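Student: What shape does this take:
(one chain, ligands or ions: 1)
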Amino acid sequence: MTIIDDAINGVRHLLNDTAQGIRLFVGINKLLLSPAVQKIRFSAEAVTITGRSYLRLASKMRSGQLHFVMSNRDWDGTGWNGPVVSGSVGAQYWDTIDTVQLLPGFTLSTFLDKATLLHELTHAAIDDMNLPKSRGLHITENESIAYIAHMLYRRYTHSLTGDAFGLPQLRVANEIARNIAASDTLYTVTQDEIRLLRNTIGNRPVYRSIRGKLQVGSGIGGP
Ligand SMILES: [Zn+2]
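Tutor: As a prediction, this is how the structure comes out:
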């Protein structure tokens, strides 16, 4: 199949107008396969993220197992009829339905847009690992891993401009990303590093209610 066949196949899973859907689909596929994303490689809380994690997502997206939806309302368990999503959110990942939700108007025009989407795709990559419940990955750990990938992407695209540091956890994640990028071998994020990042995330109002909760995921696609 060509990329266009894949795009047409994948776009069936996107709501909204087709031209925008195809543009986004091609953009997301390109992002996942890009040199900067393929260069990502680190281990944190016994979860290892590499370029291969994102290659696997690209293939699940093309085969229609990883879905994309445009909606300004949360998933309520049966449809996109939940509360209206805060205007500060560009995208979010729903591991129960293997779906990346993009907010209407979301595009991939800036490095900030791409890093935001990559953050959500990193949640999808963790979901795809189908970690056992006993593994006990907390939401703040899951978020930490996504923020590290987010800042590695900014570093590898040489786009560490002012808009890369809009939240305190991005500044902490950037320090960790610097150490990962400086390492010749697979870097394991230290306990001190992950603790500081988890605490910074856990203290943000938006994450306060989910502190201490587990989020291991259930795999993408399959039976
Ligand atoms: Zn997140």
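
Student: which bits of the chain sit near the ion?
Tutor: 143, 146 (Cβ under 5 Å from the ion). All C-beta spots, glycine's among them, are computed from the backbone N, C-alpha and C.

Student: can you give me the helices in this protein?
Tutor: For the chain, applying DSSP state H gives helices covering 3-11, 18-33, 35-38, 51-62, 111-128, 139-156, 168-182, 191-202, 205-208.

Student: okay, these in JSON lines with mean pLDDT next?
Tutor: Shown next, in JSON lines, are these (pLDDT from 0 to 100):
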{"stretch": "helix 3-11", "mean pLDDT": "56"}
{"stretch": "helix 18-33", "mean pLDDT": "88"}
{"stretch": "helix 35-38", "mean pLDDT": "98"}
{"stretch": "helix 51-62", "mean pLDDT": "96"}
{"stretch": "helix 111-128", "mean pLDDT": "96"}
{"stretch": "helix 139-156", "mean pLDDT": "96"}
{"stretch": "helix 168-182", "mean pLDDT": "97"}
{"stretch": "helix 191-202", "mean pLDDT": "95"}
{"stretch": "helix 205-208", "mean pLDDT": "75"}
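
Student: Let me have the ones you listed in JSON lines, extended by mean neighbour count and distance to residue 44.
Tutor: Shown next, in JSON lines, are these (neighbours: other Cβ atoms under 10 Å; distance: least, Cβ to Cβ, whole Å):
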{"stretch": "helix 3-11", "mean neighbour count": "16", "distance to residue 44": "30"}
{"stretch": "helix 18-33", "mean neighbour count": "18", "distance to residue 44": "20"}
{"stretch": "helix 35-38", "mean neighbour count": "17", "distance to residue 44": "17"}
{"stretch": "helix 51-62", "mean neighbour count": "19", "distance to residue 44": "13"}
{"stretch": "helix 111-128", "mean neighbour count": "23", "distance to residue 44": "10"}
{"stretch": "helix 139-156", "mean neighbour count": "24", "distance to residue 44": "5"}
{"stretch": "helix 168-182", "mean neighbour count": "18", "distance to residue 44": "8"}
{"stretch": "helix 191-202", "mean neighbour count": "18", "distance to residue 44": "6"}
{"stretch": "helix 205-208", "mean neighbour count": "11", "distance to residue 44": "17"}
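
Student: what would these look like in JSON lines with distance to residue 77?
Tutor: Converted to JSON lines, these look like this (distance: least, Cβ to Cβ, whole Å):
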{"stretch": "helix 3-11", "distance to residue 77": "25"}
{"stretch": "helix 18-33", "distance to residue 77": "24"}
{"stretch": "helix 35-38", "distance to residue 77": "32"}
{"stretch": "helix 51-62", "distance to residue 77": "23"}
{"stretch": "helix 111-128", "distance to residue 77": "17"}
{"stretch": "helix 139-156", "distance to residue 77": "18"}
{"stretch": "helix 168-182", "distance to residue 77": "28"}
{"stretch": "helix 191-202", "distance to residue 77": "25"}
{"stretch": "helix 205-208", "distance to residue 77": "21"}
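
Student: Return the residues in contact with the spatially most central residue of the chain.
Tutor: Within the chain, one residue has its C-alpha closest to the average C-alpha position: by Cα atoms, centre = their mean, that is residue 120, at 2.1 Å. Neighbouring residues of residue 120 by Cβ atoms under 8 Å, 6 or more residues apart in numbering: 91-93, 100, 146.

Student: Try it again at 7 Å.
Tutor: Neighbouring residues of residue 120 by Cβ atoms under 7 Å, 6 or more residues apart in numbering: 91-93, 100.

Student: what do you get for residue 118?
Tutor: 31, 37, 149-150, 153.
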